[in-house]
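K.L.:
Attaching a predicted model along with its sequence, questions to come.
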Amino acid sequence: MPVRLLRVILVLLLTAVVSSCRKPPGEPVFVITPGVPPSPAGLESTASPSETIAVEQPETLQLPPAVTPSDTATAPAVPGVRVISLSIHGSLYASLEAHGCDRPDVISAHLVRCLWWRMNPWRDICAGDSLVFLYADSSEGIENQTVALHYIPVSGSAVQPFSVYLFRKTGDNYPSYFYSDGTEIAELLNTMPISTFEEITGVYSEPRGDHVHGGIDFKAPEGTPVRTARGGVVSRTDWNFDNNGHCVEIAMGGGYSEIFLHLSSIAPGVAPGASIAAGAPVGAVGSTGHSYAPHLHYQINDENGYPIDPVLFFGTHQRVLDGADLTAFRAFRDRCDGMMSAGGLQ
């Protein structure tokens, strides 16, 4: 057999073996950790090195005027809070409706955002599970009005009982949710595309009618700065505007790209072919395209154009309260527990 033909056969066999070991499209093969971003592959930038969009210092990125960091830990005011206790049968929405709750669609959406970090609320809820929660018509001026909740699964469930409480950490612009021990429930990306946000209102793979969500939604006031996590070369902007609104896609290298949707505006110089450094401004939070409120839809696509979970791509961490914050949180937690146990205001 000719040597050249033998080499061709070996190459084909090796290709087949490698292909059989590849993970399905949309499933990452590694986790990128914080550090130097990979060089973009397969894209030539029309911008010279001197034209690369640089990182702005944090103090030059002005937050919307209404956003003011908290100097001290703050427990939300709870006058007028309602204590709701129910046994779940059917969907969470149906259970709230049967209980006589006003706007069961809104309340169930808010509750799900507190549940999805510990369980899959579309799959793991079982008939007979119990839910006790404090709900307020107004709390810290944010959309989600769940002040605290206990989730008690039926015996034999794979889900363990847990509780969450709304609390504003020192230095934060908005309150967040914490477990009983003071650990924040949200898993924050190790490299964040937004410096401050009110709440994560959408997670990867969340069911949405006839499709699943392909990224993470960060609810924030219009104008909140948005940054590229890894940097790279801008591949396109403002495509499919009716759905995406003002949007940017940046090729990060290795076939991976990061996508920003529903922006109110795109930062100067961010145009196809431009190089952009990690941490540089991309634009600002908005509500353009198919959007009901200001938020950033942040998405990672693989080399085949399939969305992958940003959590798996970047890795995550959870913040933990300590010091005076933890002391204040424990006092608020105990007050909420007393209210939920008694089933009424205290």
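P.N.:
Now that the structure is in, tell me what you want to look at. Numbers count the residues shown, from 1 in each chain.
K.L.:
Give the partner strands of the lengthiest strand in the chain in its sheet and their orientations.
P.N.:
Longest strand in the chain, counting residues (DSSP state E): strand 256-266. Applying DSSP bridges to the sheet, strand 256-266 is found paired with strand 246-253 (antiparallel), strand 281-285 (antiparallel), strand 295-301 (antiparallel).
K.L.:
Report the buried residues of that strand.
P.N.:
Tyr256, Ser257, Glu258, Ile259, Phe260, Leu261, His262, Leu263, Ser264, Ile266 (16 or more other Cβ atoms under 10 Å). C-betas here are computed from N, CA, C, even on glycine.
K.L.:
hmm, which two among those residues are most spread apart?
P.N.:
Tyr256 and Ser264 (25.8 Å; Cβ to Cβ).
K.L.:
Please report how far the residue nearest to Pro104 when sequence neighbours are not counted lies from Pro121.
P.N.:
In space, and not counting its chain neighbours, Pro104 is closest to Leu96: 3.7 Å by Cβ to Cβ, 6 or more residues apart in numbering. From Leu96 across to Pro121, the span is 13 Å (Cβ to Cβ, to the nearest Å).
K.L.:
what does Thr228 give?
P.N.:
31 Å.
K.L.:
Ends of stretch 135-150, what's the gap?
P.N.:
Stretch 135-150 has an end-to-end distance of 12 Å (criterion: Cα to Cα, to the nearest Å).
K.L.:
what sits against Gly214?
P.N.:
Tyr204, Gln299, Pro307 (Cβ atoms under 8 Å, 6 or more residues apart in numbering).
K.L.:
so which of those is the most crowded?
P.N.:
Gln299 (22 neighbours; other Cβ atoms under 10 Å).
K.L.:
ok, that residue - contacts?
P.N.:
Going by Cβ under 8 Å, 6+ apart, Gln299 touches Gly214, Gly215, Ile216, Glu258, Ile259, Leu261, Pro307, Pro310.
K.L.:
show me where the stretch 201-346 of the chain has helices.
P.N.:
Along the stretch 201-346 of the chain, counting by DSSP state H, counting those that start in this stretch, helices occupy 241-244, 310-314, 323-342.
K.L.:
How far does the shortest one sit from its chain's centre?
P.N.:
For helix 241-244, the gap between its own C-alpha mean and the chain's C-alpha mean amounts to 20 Å (Cα atoms, centre = their mean, to the nearest Å).
K.L.:
Which residues does it contact?
P.N.:
Asp238, Cys247, Leu261, His262, Thr288, Gly289, His290.
K.L.:
Redo those residues as JSON lines? Include pLDDT and distance to Tyr174.
P.N.:
JSON lines is the format used below for these (pLDDT from 0 to 100; distance: Cβ to Cβ, whole Å):
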{"residue": "Asp238", "pLDDT": "97", "distance to Tyr174": "29"}
{"residue": "Cys247", "pLDDT": "97", "distance to Tyr174": "25"}
{"residue": "Leu261", "pLDDT": "97", "distance to Tyr174": "21"}
{"residue": "His262", "pLDDT": "97", "distance to Tyr174": "19"}
{"residue": "Thr288", "pLDDT": "97", "distance to Tyr174": "23"}
{"residue": "Gly289", "pLDDT": "95", "distance to Tyr174": "24"}
{"residue": "His290", "pLDDT": "93", "distance to Tyr174": "25"}
